[in-house]
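*Asks:* can't give you the sequence, but here's the structure:
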């Protein structure tokens, strides 16, 4: 199969069929046959991390030009940008989970989580098949995750986050030992992983792609090519996302003015910072701060 033509499904495109916090996570019952919006049998990629737990069905998964067999009791996991499509032979049912970097790492340092769950990025085989008690346990976790995501309590997102962390940790525990060893070796040598670790360690001191290329002893072109191959994104996009995340944190959790935040994040002009924020967040820094404050009071 050729992957010359493919589509990208963003997290927001699942809003009608899932329980979600817009732009952060999505949880819903899964059918490989599709839902009328997402054709899962054509090559596609996502702009978020995805885990799919299959409780019924069998068939083949084509992922990054390789073919893998799946059955009931199989977990699929993929980082943003991984190209794949499903070829079910029997009706497939299960649970689907999508989440962003920002949601997963909201209370942690991103670099540490990338290291803890390197299999999301570096595993050659994107499938883990479980049997017996482990299969029952994974079904229980996903069932609870779906139930919590459907809840309307104010603490819903915290509980959803906790279940995602449990599922990720259990998956890491249950990966075969040889697979974990290979993943660890690839993670140490992965330019994309090292870039994201460096971004967390050097932010906001370094904000230019050329600075990170020099730090990692590579070229801008090689760095961007490696990131595109692994994630479908460029170094600039990662840097801009990190700037936006830090801006949101400062707006929400500090008393700094918008101008002070702009200078802290190394924008030479507060008006440019406001344009940057509005373009990526869809509203002004002041409107974001006011809206976030209202939500906190409501909680």
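*Replies:* Received the coordinates, thanks. Everything quoted here is computed from the prediction, not taken from an experiment.

*Asks:* tell me the mean pLDDT over the one helix or strand residue 30 maps to?
*Replies:* In the assignment (DSSP states H and E), residue 30 maps to strand 25-31. Averaging pLDDT along strand 25-31 gives 93.

*Asks:* neighbouring strands - and their directions - for that strand?
*Replies:* strand 19-21 (antiparallel), strand 84-99 (antiparallel) (DSSP bridges).

*Asks:* right, and the helix or strand after it?
*Replies:* Next along the chain from strand 25-31, counting by DSSP H and E, comes strand 44-46.

*Asks:* next SSE after the helix or strand bottoming out on mean pLDDT in the chain?
*Replies:* Ranked by mean pLDDT, DSSP states H and E, the helix or strand of the chain with the weakest confidence is helix 177-189, at a mean of 57. Sequence-wise, the next helix or strand downstream of helix 177-189 (DSSP H and E) is helix 191-202.

*Asks:* what is the mean pLDDT for the next helix or strand after that following helix?
*Replies:* For helix 191-202, the succeeding helix or strand toward the C-terminus, using DSSP H and E, is helix 209-215. Averaged over helix 209-215, pLDDT sits at 95.

*Asks:* over to stretch 79-99?
*Replies:* On average, stretch 79-99 scores 90.

*Asks:* go through it and flag the buried ones.
*Replies:* Neighbour counts over stretch 79-99 (16 or more other C-beta atoms under 10 Å) mark 79-86, 88, 92, 94-99 as buried. The way it works is simple: take the backbone N, C-alpha and C, and place the C-beta from them, glycine included.

*Asks:* if you count neighbours, what's buried in the strand holding residue 30?
*Replies:* Quick answer for strand 25-31 (16+ other C-beta under 10 Å): 25, 26, 27, 28, 30, 31.

*Asks:* which member of those residues is positioned nearest residue 274?
*Replies:* Nearest to residue 274 among the buried residues of strand 25-31: residue 25, at 28.0 Å, using C-beta to C-beta.

*Asks:* nearest residue to that closest one in space, please, no chain neighbours.
*Replies:* The spatially closest residue to residue 25, leaving aside those adjacent along the chain, is residue 99, at 4.2 Å (C-beta to C-beta, 6 or more residues apart in numbering).
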